[in-house]
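In: What follows is a predicted protein model with its sequence.
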Amino acid sequence: MAEEEDDLILSELPDDELVPQMGDDLYDGLKDEVAEGVQILLDRGWAPYRILTEALVSGMTVVGNDFRDGILFVPEVLQAANAMKAGMGLLKPLLAETGAPKMGKMVIGTVKGDIHDIGKNLVGMMMEGAGFDVVDLGINTDADEYIDALAREQADILGMSALLTTTMPYMKIVIDTMAEKGIRDDYIVLVGGAPLNEEFGKAIGADAYCRDAAVAVETAKSFVARRHNQMPAG
Amino acid sequence: MNLPDDATLTDRGLPPSGAGRVLVLACGALAHEILALKRMNGWDHLDLTCLPAIWHNHPERIAPGVAQAVARHRAAYDTILVAYGDCGTGGGLARTCAELGVQMIEAPHCYAFFEGTDRFAAHEDEVTAFYLTDFLARQFEAFVWRPLGLDRFPDLIQAYFGNYEKLVYLAQTEDAALDTRARECAARLGLAYERRLTGYGDLERFLTPRG
């Protein structure tokens, strides 16, 4: 089996075998193979957005589902994410110029006092994969940094992440500050992180708690669609 | 009381011996320290039982586990002391203890109560510090290296620890071998190293009989 895989030449596979193979390679965290697959599909004339959705995001969705179901664990998910990042690195510069759909813009960051960014980075990557522009403020982000970036970037969504029970209450400070400035309802506020839950999200006044990156993407899409439907016509 | 090895404390904890009026229900990572305090102070009224130390990595198991253990042992003791801080339960353990009418340690985690909760909180510049105690230094492989998959994917160190700057070893005891070990842990993670002797800190205060 291993020998067979070693002998596999990606460029010789037809599209309908190459794409599932790229999904397997992504699942196994093989970043060089995933990047090679992306390049092959580009060379065959695939649109970057099609490669992103059909070869990378779909593969990462399987990874996300298996993580949720306890089949994969964080180290394997990170390996897969690194592979996806390698593929996205090739596609990203091409997406804008090839008319990929724009879903909206998200400002994201890990809250003040917290330096953990694995979950935040996964969400950012999957949001980009779903067609959102993502402005990543990094770690240890205070309320002013979030609020300034929301205005500067004309964002639709604020995403806040925390891994520590000692830092997650800071999310409420950010939301309260937005409310004081009268801008809370101008944005969709999504929160996430291992110690959070839905009850906490509601209690601090977020629009939604997102259990994982896939849920964050679906929640963002649904809120953005709802907003568009509420906009006055014309 | 014979203490099992660290691997047993990590995965299975410790049953009570049945002697003493007061049961200390603790994280397995505190067993050595609590028994040392008991010996030093002649606290023969104390019995000790521990829940698996590896719940440090699974805080969602702590409050239900404590509730079950309190229910199981309550009838055999006058008092139960819960030797845990919040330990990542997000207030869940405090709510459980309040409902059960048992006392726990008022601190976010063992790092804080070993150093002294107030003193620990004063290190505002330590947001980029990763902490070890005596137990965690001995059990680094079981608590850090293997669960994070660094034995299989050492290149993930940057993803996990890229934002950290130093490893602070909060030492409960003077132990040159553990100092060396903790320093090696820091090197493996690519972090600067600092050792801070804390002794038993607020843990001793918590266990000291009142009145």
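Out: On my side now, so go ahead. Not measured: the values here are computed from a predicted model.

In: check contacts around the nearest residue to residue B:115 once chain neighbours are set aside.
Out: Leaving aside its chain neighbours, residue B:115 sits nearest to residue B:198 (4.6 Å; criterion: C-beta to C-beta, 6 or more residues apart in numbering or on different chains). Quick note: C-beta positions are derived from backbone N, CA and C, even for glycine. Neighbour list for residue B:198: B:114, B:115, B:116, B:170, B:171, B:172 [criterion: C-beta atoms under 8 Å, 6 or more residues apart in numbering or on different chains].

In: Does the second one touch residue B:196 like I think?
Out: Okay, so that is residue B:115. Yes - using C-beta atoms under 8 Å, residue B:115 is in contact with residue B:196, at 7.0 Å.

In: Quick check: neighbours shared by the two?
Out: Shared contacts of residue B:115 and residue B:196, counting by C-beta under 8 Å, 6+ apart, come down to residue B:170.

In: higher neighbour count, these two?
Out: residue B:115 (24 against 14; other C-beta atoms under 10 Å in any protein chain shown).

In: which residue ranges form the helices in the chain?
Out: No chain specified, so I'll use chain A. A:2-7, A:15-27, A:31-43, A:48-51, A:58-68, A:74-97, A:118-129, A:143-153, A:170-180, A:198-203, A:213-230 (DSSP state H).

In: hm, I was asking about chain B
Out: Using DSSP H, helices in chain B cover B:6-11, B:31-41, B:62-73, B:92-100, B:110-115, B:117-121, B:134-138, B:140, B:157-161, B:176-189, B:201-207.

In: Could you work out which of these reaches nearest to residue A:44?
Out: Nearest to residue A:44 among the helices of chain B is helix B:157-161; the distance by C-beta to C-beta comes to 32.2 Å.

In: just to revisit the earlier point, among the helices of chain B, which comes closest to residue A:37?
Out: Residue A:37 lies closest to helix B:157-161 among the helices of chain B, at 22.7 Å (C-beta to C-beta).

In: For that closest one, which helices and strands make contact with it?
Out: helix B:176-189 (3 or more C-beta pairs under 8 Å, 6 or more residues apart in numbering or on different chains; DSSP states H and E).

In: Name the nearest residue to the residue of chain A found nearest chain B, sequence neighbours excluded.
Out: At 2.5 Å from chain B, residue A:75 is the closest residue in chain A, using C-beta to the nearest C-beta. The shortest distance from residue A:75 to any non-neighbouring residue, by C-beta to C-beta, 6+ apart, is to residue B:149 (2.5 Å).

In: Could you list the low-confidence segments of chain A?
Out: A:1-6, A:231-234 (pLDDT under 70).

In: hey, which strand is longest across it?
Out: Criterion DSSP state E: the longest strand present in chain A is strand A:104-110.

In: ok, residue B:170 to residue B:104 distance?
Out: Distance, residue B:170 to residue B:104, using C-beta to C-beta, to the nearest Å: 20 Å.

In: er, residue B:98 I mean
Out: 9 Å.

In: who's more crowded, those two?
Out: A direct count of neighbours by other C-beta under 10 Å for residue B:98 and residue B:104 places residue B:104 higher, at 21 against 11.

In: My guess is the more buried one contacts residue B:89. True?
Out: No - counting by C-beta under 8 Å, residue B:104 does not reach residue B:89; the two are 10.1 Å apart.
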